[in-house]
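Engineer: have a look; sequence and predicted model below, questions after that.
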Amino acid sequence: MVSLIDAPATRPQGPRPTRGYRVFQVVNALVLTAVVVLTLFPFVNILARSFSGEQEIRSGQVNLIPRGFNLTTYRIVMSDAMFWTNYRNTVVYTIAATAVALALTTCYAYVLSKRQLKGRGLLVAIAVFTMFFNGGLIPNYVLVSSLGLRNTIWAIVLPNAINVFNLLVMKAFFESLPTELEEAAAVDGMGTYGTLWRIVLPLSKAVLATMLLFYAVAFWNSWFPGFLYMDRQELFPVTVYLRNLIAGATGGTDQTASSDAALQIAANIQAVTIVLTMLPILLVYPFIQRFFVSGVMLGAVKG
Amino acid sequence: MVHLSRRQLLAAAGAAAVAGMAGCSDDDPESVDLNEKRAGAMDGYKAGDQFKATEPLKFSIMLLSNQAYPYKPEWPFWAELTKRTNVTLDPVAVPGSDYDQKRSVMVSAGNAPLLIPKTYHPAEEAYIAGGAVLAVSDYTDLMPNYSDKVKRWNLQANLDTYAQEDGKYYLLPGVHEGVWQDYTLAVRTDILSKLGVPMPKTWDDVTTMLREMKKAYPSQYPLSDRWSTPPQPGGNALISIVGQGYGVNSGWSWNPAYWDATAGRFAFTGATDQYRQMLQYLAALVSEKLVDPESFTQTDDNARQKFASGKSFVMCCNAQTLVKEARKDIAKLPGATVAKIPLPMGPMGASLPPDNRLENGLMISRKALQNKNFVAMMQFVDWLWYSDAGQMFARWGVEGETFTGKVEDASFKLDPKVKWSGLNPDAAKDLQVDYGYSNGVFAYGGSTAMLNSQFSKEEKAFQAEMNKRTIRPVPPGRPLTVEEREQATLQEAALRDHVDQQTLKFILGQRPLSEWDAYVAELKGKGLDQYVGTLNKAYERFKGKK
């Protein structure tokens, strides 16, 4: 999210930077580098594990560089048909859910940003209420079941379609757009939907990109709705597959008599699955970054 | 569009609520006429018969999909099961990682499948008050194999401990003919022979062994343990097996109720002198630096790493982790060998606690009673989980295909093309992954001969040693009423929390054992006496009824 507040890369004009400022820059750079290293370490470690042999991982030899290099694990994981089925599910669920969430959140936020709207306070209150209170697990489950959504994509898409935090961020953004623009559009004979579509949304690429990223990452990572509402494993998202692989071995279900429980999945298989699962969503970041900057620029010039 | 007034809406909501409550109302089991529920059932089905439904039937089942052998619809197990019994199972596959949570939601929401396996007592108690699960003890006469085994293996006393205040029990547990002691210490035997230390027999021998190891490798902790997953105090397997030697259910065998046979009363486990002795033993090991203090907090992976790299020589194990993990982990250490030692004995001598003759088991949805195939379903359950033939099938598959011989005369042999656990490690196909047999959902319990069939030679030797030990008597039943249980659960949670915390402090030496009396006083402050009082009241009541 850093790039949202990135200023254009021009050198500061005026007096030469003071000594203190330069010290600050050095310290700043060091601290940020440390943060980057800390953030990257787990990723690199997992990557290294995914190419290592199980023995080497178990004996704690693998840090940043793979030991006992092999590709067999990748071959094993990728040959599991269920992994790919679940992977495809995740892609489909994420795309559909993000599209629906984006559309609904935009509509709701746009309406709420209009100060002249009657009952606006109530609409906001309804949304905010759900931030603090909810029916709880079982009532939600009963609701989704009796709506017939279980074992369909809608069980994942609909209950989480509007995230109130995202809604409020978007509402604030719309409120910050100059009303003159919309008035001008109205004078030129444009209706509500035209204004939203042709004037407001093109000016909101930054916030749309942010929301897209928030929603896409959240849906990609989410496992609980998939786990709860899907009763067949060919409908699970890949996160459930992954969780079963990793948490299952140490989970609390089976710790007593039957020792078939205590089996553990090889550490390298876990690592490979993690790498394959996080890769696509990592790759989305650089592409969306572009919109952050241009969105901010657009808003700045017109505002 | 229809406009509803506020009053109409309220009325509608009220009606919906009433309808919802009506859905929860009790069906009195006595009012159900089983003669109308016999569709597909066999007439005169008795122990030893092959069950085959007289018409094709389908029952839903909650299926724990184990991460090591995830559920596959194409397992030969399913087709063969249908061929033999005319029953098709319709599984709801639930990832093993979160099985309990999904079970809880589905049962509470009334969406549970008819058969709900893989339930560990007392997890079933949470569902009794809601009326979602069947009092299976009312219907054992439909299950001849089950009744036969309970009688022949003398399990009624064990089942009494599962009984509720109404005298019924709600879980069909897996039943074992003998006590199966699986967990013990895995020891690096090459180090033992190098140091000239004999195989330890008692916990005192274990101390001696660890001291010798420490002498030879002063910078290392000889024992670094695993299985420290919450909510138990940590080092759960170790505390459990040491506790066995001292006669208390501690660690992950934790049971708050301790039966004091001489006094004829229940006491609270965490306040008994046996528990104190167990703590004292472990605290001494830690203070002598024989046991890694991280044993009680570290992850399994960390413990395994220490073992694999030769930093530790002893850790808890079971038959499977010994073969699949410990032995594989040390494969790269030259000359390293590891084996199970016979479970070390404590003051209780050569005896084993009685509780593990019952295993996890099966709940049945109350709504199954409305099913016209109810009787056939109970017969099916009886055959698959409790008949010798059903158990053999669930565990080993089909004679001539996946195995040959019989377990009773020890002529049993797994087909060389099939691997399972330590057996036939180089075979191409896996009994669990590729066939669906030996699935933890279907295959557990059984006769000692059956149990022995799954063991490698070394495990058989270990079991033979274990089978020489006597089994301690089962503590009497003490079923609580719903209200008592609610209160007792709260009290127990607070007590246990304190016990777990202080257990760790005592063992790690952060609190001296001289403060034991102060600790017991703290427990009293948390409702120890009320809790024990409730247990003893329930015991007296149950004794009077029998």
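Structural biologist: Good, I have the coordinates. Residues are numbered from 1 along each chain as shown, chains lettered A, B, ... in the order given.

Engineer: so what are the structural domains in chain A, by residue number?
Structural biologist: With domains defined by automatic domain parsing, chain A comprises A:13-70, A:81-302.

Engineer: hey, which of those domains is tucked in deepest?
Structural biologist: Mean neighbours per residue, mean count of other Cβ atoms under 10 Å in any protein chain shown, is largest over the domains of chain A for domain A:81-302, with a mean of 17. Just so you know, the C-beta spots here come from the backbone N, C-alpha and C atoms, and that holds for glycine as well.

Engineer: so how far is that domain from its chain's centroid?
Structural biologist: 7 Å (Cα atoms, centre = their mean, to the nearest Å).

Engineer: where does chain B have low pLDDT?
Structural biologist: Residues of chain B that meet the criterion pLDDT under 70 lie in B:1-31, B:231, B:355, B:422, B:546.

Engineer: the domain parsing of it - what is it?
Structural biologist: For chain B, automatic domain parsing gives the domain ranges B:34-177+B:358-392, B:184-353+B:475-545.

Engineer: and the longest one with chain A, contact?
Structural biologist: Going back to what we said before, that points to domain B:184-353+B:475-545. Yes: using Cβ under 8 Å from any Cβ of the partner chain, domain B:184-353+B:475-545 reaches chain A at B:227, B:229, B:236, B:252-253, B:299-301, B:304-305, B:308-309, B:318-321, B:324-325, B:328-329, B:331-332.

Engineer: what parts of the stretch 101-250 of chain A come near chain B?
Structural biologist: Residues of the stretch 101-250 of chain A lying near chain B by Cβ under 8 Å from any Cβ: A:137-138, A:141-142, A:145, A:227-228, A:231-233, A:236, A:240-241, A:243-250.

Engineer: thinking again about what came up before, now the domains of chain B as a markdown table including mean neighbour count?
Structural biologist: Formatted as a markdown table, the domains of chain B follow (neighbours: other Cβ atoms under 10 Å in any protein chain shown):
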| stretch | mean neighbour count |
| --- | --- |
| domain B:34-177+B:358-392 | 20 |
| domain B:184-353+B:475-545 | 19 |
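
Engineer: what about the strands in the stretch 251-400 of chain B?
Structural biologist: B:257-260, B:265-268, B:314-317, B:338-340, B:351-352, B:358-364 (DSSP state E, counting those that start in this stretch).

Engineer: what pairs with the shortest one, parallel or antiparallel?
Structural biologist: Right, the one you point to is strand B:351-352. In the sheet containing strand B:351-352, its partner strands are strand B:470-471 (parallel), by DSSP bridges.

Engineer: which other helices and strands contact the helix or strand just after the partner strand?
Structural biologist: Following strand B:470-471 in sequence order, the next helix or strand is helix B:482-508 (DSSP states H and E). Other helices and strands packing on helix B:482-508, by 3 or more Cβ pairs under 8 Å, 6 or more residues apart in numbering or on different chains; DSSP states H and E, are helix B:273-287, helix B:516-525, helix B:528-545.

Engineer: select, out of those helices, the one closest to residue B:364.
Structural biologist: helix B:528-545 (24.1 Å; Cβ to Cβ).

Engineer: got the angle between that closest one and helix B:482-508?
Structural biologist: Here helix B:528-545 runs at an angle of 130 degrees relative to helix B:482-508 (axes from the mean of the first three to the mean of the last three Cα atoms, to 10 degrees).

Engineer: tabulate the CA atom coordinates of helix B:528-545 in CSV.
Structural biologist: Output of helix B:528-545 as CSV, limited to C-alpha atoms (Å, rounded to 0.1, in the frame of the first residue of the first chain):
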residue,chain,number,x,y,z
LEU,B,528,-12.4,-28.2,44.1
ASP,B,529,-14.6,-29.4,46.9
GLN,B,530,-17.9,-28.6,45.2
TYR,B,531,-16.6,-30.4,42.1
VAL,B,532,-15.6,-33.5,43.9
GLY,B,533,-18.8,-33.3,45.9
THR,B,534,-20.8,-33.4,42.7
LEU,B,535,-19.0,-36.4,41.4
ASN,B,536,-19.5,-38.4,44.6
LYS,B,537,-23.1,-37.4,44.8
ALA,B,538,-23.6,-38.7,41.3
TYR,B,539,-21.7,-41.9,42.2
GLU,B,540,-23.9,-42.6,45.2
ARG,B,541,-27.0,-42.0,43.1
PHE,B,542,-25.8,-44.3,40.3
LYS,B,543,-24.8,-47.0,42.8
GLY,B,544,-28.2,-46.9,44.3
LYS,B,545,-29.9,-47.3,40.9
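
Engineer: what angle sits between that helix and helix B:516-525?
Structural biologist: Interaxial angle of helix B:528-545 relative to helix B:516-525 (the same axes, to 10 degrees): 70 degrees.

Engineer: circling back: export the domains of chain A to a markdown table and tack on mean pLDDT?
Structural biologist: A markdown table is the format used below for the domains of chain A (pLDDT from 0 to 100):
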| stretch | mean pLDDT |
| --- | --- |
| domain A:13-70 | 86 |
| domain A:81-302 | 83 |
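
Engineer: which one of those domains lies nearest to residue B:384?
Structural biologist: Nearest to residue B:384, of all these, is domain A:81-302, at 16.6 Å by Cβ to Cβ.
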